[in-house]
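Colleague: task: produce atomic coordinates for the following.
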Amino acid sequence: MSTAPYFSSDDRFMHLDRSRWSHLADEIAVPLSAEEIESLRGLGETVDLEEVQRIYLPVSRLLNLYVTAASSLNHMTNDFLHVSQRRVPFIIGVAGSVAVGKSTTARILQALLSRWPSTPKVQLVTTDGFLYPNAELQRRGIMHRKGFPESYDRRALLNFVSQVKSGAERVVAPKYSHLYYDIMPDEHIEVTAPDVLILEGLNVLAPSQAEGPETSDLTLSDFFDFSIYVDARTEDIERWYVNRFLTLRSSAFANPESYFKRYAELSDEQAVEVATGIWKSVNEPNLLQNVLPTRARAHLILQKGPEHTVEQVLLRKN
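Modeller: Numbers count the residues shown, from 1 in each chain. So this is what the prediction gives:
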């Protein structure tokens, strides 16, 4: 039996199978080319033009409706209060396990939403930049728990999202390098008053009690206008993670500057053993203890099958 079963009886969600969901965008053309989709696709994933048409285009249309409604409410509230304020950025959180495809989902939605006339400026930030630097993780003795809630500077992350939501013209976020597996101290990402901000990360839906004593009762999701959880069975995610690890030996790991260069020369058998060990000791416990329990807090759940394609969509009823 799967250790991360799909929701099958949660009455808070409408369950839409792939066929029913895909009909919601029958009359809308995909504004992305096959080449653009390929450039957005993560390693080992199977997202193609059909998947974008059937799954992600309806999601972007739904999000566009939410953005329009939020903008209208904001204008009416300002008129009621007799104040003049700039448009408040619409913030979308995208959560899910390592290797489940949440980064690809976020990139595709960014590309699609930026094609809608009402949201031409869509920016994407990952929470990786708010991990503590490796030196600090080592000082705290939690380097082996990188990716767990306590490995993030939650105060800085909350402050960043709060500034964006308040309409600040320019907010900066730290930049993370997957090559060096660390924060880049002299680099940052600028967020400049977007129409939409997509914040992607493992723990973006974590409740306040998981954020530690150094933060307030506020949680990241308090600032979200919409949230998405990318879901799959744990055994499928593990297989995708191990396969990705095998492929990385001849790409990112082969770079002499890579933090993981020691894995580049592993045989298939050795690589499977190492990847499985990392999954079982780090990624799976984090998923089961911290990430998966936040699934029910999302507005929309994309449930993937064994082939990395979305089989069912769950939409919160209220």
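Colleague: please count neighbours and contacts with C-alpha atoms only from this point.
Modeller: Fine.
Colleague: okay, and for the stretch 151-300 of the chain, where does confidence drop off?
Modeller: Applying pLDDT under 70 to the stretch 151-300 of the chain flags the ranges 209-216.
Colleague: contacts only, for D128.
Modeller: K175, Y176, G201 (C-alpha atoms under 8 Å, 6 or more residues apart in numbering).
Colleague: could I get those residues as CSV with secondary structure and distance to F223?
Modeller: Listed next are the contacts of D128 as CSV, based on DSSP: H, G, I helix; E, B strand; the rest coil; distance: C-alpha to C-alpha, whole Å:
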residue, secondary structure, distance to F223
K175, strand, 21
Y176, strand, 23
G201, coil, 15
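Colleague: of those, which is the nearest to V67?
Modeller: Taking C-alpha to C-alpha as the measure, V67 lies nearest G201 of the contacts of D128, at 21.3 Å.
Colleague: pretty sure that closest one contacts A95?
Modeller: Yes - using C-alpha atoms under 8 Å, G201 is in contact with A95, at 5.4 Å.
Colleague: re earlier: out of the contacts of D128, which is nearest to K102?
Modeller: Using C-alpha to C-alpha, G201 is the member of these that lies nearest K102, at 7.8 Å.
Colleague: looking at G201 and A95, which has the bigger crowd around it?
Modeller: A95 (31 against 23; other C-alpha atoms under 10 Å).
Colleague: follow-up on the earlier one: find residues that contact each of G201 and A95.
Modeller: Common neighbours of G201 and A95 (C-alpha under 8 Å, 6+ apart) are K102.
Colleague: give the rounded mean pLDDT of stretch 86-97.
Modeller: What stretch 86-97 shows for mean pLDDT is 93.
Colleague: how far off centre is that stretch?
Modeller: With C-alpha atoms, centre = their mean, to the nearest Å as the basis, the distance from the averaged C-alpha position of stretch 86-97 to the chain average is 10 Å.
Colleague: same deal with stretch 285-296?
Modeller: Stretch 285-296 sits 14 Å away from the centroid of its parent chain (C-alpha atoms, centre = their mean).
Colleague: next one: stretch 21-32
Modeller: With C-alpha atoms, centre = their mean as the basis, stretch 21-32 stands 22 Å off its chain's centre.
Colleague: quick one: buried residues of that stretch?
Modeller: Residues W21, S22, L24, A25, V30 are the ones in stretch 21-32 that count as buried (16 or more other C-alpha atoms under 10 Å).
Colleague: next one: stretch 303-314
Modeller: Buried residues in stretch 303-314 (16+ other C-alpha under 10 Å): Q303, K304, H308, T309, V310, E311, Q312, V313, L314.
Colleague: closest to L49 among those?
Modeller: Using C-alpha to C-alpha, T309 is the member of the buried residues of stretch 303-314 that lies nearest L49, at 12.0 Å.
Colleague: quick check: phi and psi on that closest one?
Modeller: Dihedral angles of T309 (phi, psi; degrees, to the nearest 10) stand at phi -100, psi 150.
Colleague: ranges for the strands of this structure?
Modeller: Along the chain, counting by DSSP state E, strands occupy 13-17, 90-96, 122-126, 171-177, 182-191, 196-200, 226-231, 300-304, 310-316.
Colleague: out of these, the one nearest P58 is which?
Modeller: With C-alpha to C-alpha, the closest approach to P58 among the strands of the chain belongs to strand 310-316: 10.6 Å.
Colleague: outside of the closest one, which residues touch it?
Modeller: The contact list for strand 310-316, computed with C-alpha under 8 Å, 6+ apart, reads 12-18, 21, 51, 55, 298-305.
Colleague: list the strands paired with it, with their directions.
Modeller: The pairing partners recorded for strand 310-316 under DSSP bridges are strand 13-17 (antiparallel), strand 300-304 (antiparallel).
Colleague: among these, which is the most enclosed?
Modeller: The highest average neighbour count among these, using mean count of other C-alpha atoms under 10 Å, belongs to strand 300-304 at a mean of 23.
Colleague: now the angle from that strand to strand 226-231?
Modeller: Here strand 300-304 runs at an angle of 20 degrees relative to strand 226-231 (axes from the mean of the first three to the mean of the last three C-alpha atoms, to 10 degrees).
Colleague: tell me the angle strand 300-304 makes with strand 90-96.
Modeller: Using the same axes, to 10 degrees: strand 300-304 against strand 90-96 is 30 degrees.
Colleague: how about residues contacting strand 300-304?
Modeller: Contacts for strand 300-304 (C-alpha under 8 Å, 6+ apart): 6, 227-233, 295, 310-316.
Colleague: 7 Å instead, please
Modeller: Applying C-alpha atoms under 7 Å, 6 or more residues apart in numbering, the external contacts of strand 300-304 come out as 227-232, 310-316.
Colleague: for the residues you listed, which two are the farthest from each other?
Modeller: Farthest-apart pair in the contacts of strand 300-304 is S227 and E311; separation 18.8 Å (C-alpha to C-alpha).
Colleague: who's in contact with T127?
Modeller: E200, G201.
Colleague: need the pLDDT of it.
Modeller: Per-residue pLDDT puts T127 at 97.
Colleague: what do you get for A25?
Modeller: For A25, the pLDDT comes out at 81.
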